[in-house]
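[1] Fold the following.
(one chain, ligands or ions: 1)
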Amino acid sequence: MAPKKPDPAAKPTDAKKAEKGKKKAEKGAKDMYKVEGAKVTRARPTCERCGTGYFMADHHDRYTCGHCGFTRYKQK
Ligand SMILES: [Zn+2]
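    Numbers count the residues shown, from 1 in each chain. Down below sits the predicted model:
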């Protein structure tokens, strides 16, 4: 009776990892602003309740504030 040996070749290949060079850009504060020449505009709406400085999360149909929970639905 042969002992069961783990076969390294049997490992499923990670197809997603093979996709090199397609690194998703890290999300950060730099994505919250757009620089147009000398002007800096905010790419996300700010919370009406918390005021400027509190960005709202961009969801497919609404914006929400992670600080106070305020939700604003997008206009169609
Ligand atoms: Zn808020």
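[2] Just the buried residues of the longest strand anywhere in the chain, please?
    Taking DSSP state E as the criterion, the chain has its longest strand at strand 51-58. The neighbour-count check on strand 51-58 (16 or more other C-beta atoms under 10 Å) flags 54-56 as buried. Using the backbone N, CA and C atoms, a C-beta is placed for each residue, glycine as well.
[3] Save the residues you listed as CSV, and put in pLDDT and distance to residue 33 too.
    Conversion of those to CSV gives the following (pLDDT from 0 to 100; distance: C-beta to C-beta, whole Å):
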residue, pLDDT, distance to residue 33
54, 90, 14
55, 89, 10
56, 92, 14
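[4] Check those residues one by one and keep those near the ion.
    Contacts with the ion within the buried residues of strand 51-58, counted by C-beta under 5 Å from the ion: residue 54.
[5] Out of the buried residues of strand 51-58, the closest to the ion would be?
    residue 54 (5.0 Å; C-beta to the ion).
[6] looking at it, the closest one is touching residue 67, isn't it?
    Yes. At 5.0 Å, residue 54 counts as touching residue 67 under the criterion of C-beta atoms under 8 Å.
[7] shared neighbours of those two, which are they?
    residue 47 (C-beta atoms under 8 Å, 6 or more residues apart in numbering).
[8] In three-state terms, how would the closest residue to residue 50 other than its chain neighbours be classified?
    Spatial nearest neighbour of residue 50, excluding adjacent residues (C-beta to C-beta, 6 or more residues apart in numbering): residue 67 at 5.0 Å. Per DSSP: H, G, I helix; E, B strand; the rest coil, the secondary structure class of residue 67 is coil.
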